[in-house]
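S.K.: Build the 3D model from these lines:
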Amino acid sequence: MIDFSVLTDNIDTYLEGFLYTLRASVTALICSFILGALLAIFRIAPIKALNWIGTAYVEFFRNIPLLIIVFFIYIGLPTVGIELNGFISGTIGLTIYTSAFIAEAIRAGIMAVPKGQMEAARSSGLSYNQAMRMIILPQAIKIVIPSLGNQFLNLVKNSSILTVVAGLDLMYAGDMIAASTFKTIDTYIFVGMFYLILTIPLNYMVIYLENRFARKGV
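M.R.: Alright, predicted model coming up:
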């Protein structure tokens, strides 16, 4: 039987960790989406230097562990005089790591948009940047909503990386509770339930958006 006293006696600690996880997830989600969209544009831009930057970023950060990125920010940057706390370090690491995957997803969406869309936009007097921002990107994002949704779900779950740098997140709260109560299994069952509070609504939101756009023929 699950000992619910672990939850009731430590609800404040759980909620504090939950709020830190929510803050880190929302911040990293917004920042990684913006950065990922920019990198996706770089990868298909008609300027080779931007292509190289976008490709190098995506290939580099997609192929190294998130833990290494967070450790580099938290432990490596202080050696050059930049000191960040665990929460900020973890959030930046999440943003950098997730943006590489989002960039690849959005790039695939852009490539799926018929080339005639860009040609029609340019012929109507729009600049390349205007056409990309107002015509191509909105269509590309609608196409790749399932992929983006998966990346956002992974981001929320990956936020547990903050615990290794004392980021005060939900997993860190669970570690503190388990250490004080010695009820490890019960503690992490409730940690998992708090993660479900974040991921299940997000999952249903993605399904709703996917179905809505599908009905519109996107």
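
S.K.: Next, the buried residues of the lengthiest helix in the chain.
M.R.: Identified as the longest helix of the chain according to DSSP state H is helix 11-44. By 16 or more other Cβ atoms under 10 Å, the buried positions in helix 11-44 come out as 13-14, 16-18, 20-22, 24-25, 27-29, 31-33, 35-44. Backbone N, C-alpha and C define where each C-beta goes, glycine included.

S.K.: where does the protein dip in pLDDT?
M.R.: For the chain, the stretches with pLDDT under 70 are 213-218.

S.K.: Do a quick rundown of the helices in it.
M.R.: Secondary structure of the chain (DSSP H): helices at 5-9, 11-44, 48-62, 66-71, 86-112, 115-123, 128-131, 137-143, 145-158, 170-181, 184-215.

S.K.: name the helices or strands packed onto the fourth one?
M.R.: With contacts defined as 3 or more Cβ pairs under 8 Å, 6 or more residues apart in numbering; DSSP states H and E, helix 66-71 has these neighbours: helix 86-112.

S.K.: Next, the angle helix 145-158 makes with the helix it packs on.
M.R.: Angle, helix 86-112 to helix 145-158, by axes from the mean of the first three to the mean of the last three Cα atoms, to 10 degrees: 170 degrees.

S.K.: Give me the angle between helix 86-112 and helix 170-181.
M.R.: Between helix 86-112 and helix 170-181, the angle comes out at 140 degrees (the same axes, to 10 degrees).

S.K.: Which elements pack onto helix 86-112?
M.R.: Under the contact definition 3+ Cβ pairs under 8 Å, 6+ apart, helix 86-112 sits against helix 11-44, helix 48-62, helix 66-71, helix 137-143, helix 145-158.

S.K.: one step back: include distance to residue 77 when you put the helices of the chain into a markdown table, please.
M.R.: Formatted as a markdown table, these follow (distance: least, Cβ to Cβ, whole Å):
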| stretch | distance to residue 77 |
| --- | --- |
| helix 5-9 | 36 |
| helix 11-44 | 17 |
| helix 48-62 | 16 |
| helix 66-71 | 10 |
| helix 86-112 | 8 |
| helix 115-123 | 40 |
| helix 128-131 | 33 |
| helix 137-143 | 32 |
| helix 145-158 | 20 |
| helix 170-181 | 20 |
| helix 184-215 | 28 |
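
S.K.: which of these is buried the deepest?
M.R.: Burial of the helices of the chain is given as mean neighbour count (mean count of other Cβ atoms under 10 Å); helix 86-112 ranks first at a mean of 22.

S.K.: Show me how far it is from its chain's centre.
M.R.: With Cα atoms, centre = their mean, to the nearest Å as the basis, helix 86-112 stands 6 Å off its chain's centre.

S.K.: do the same with stretch 38-54
M.R.: 21 Å.
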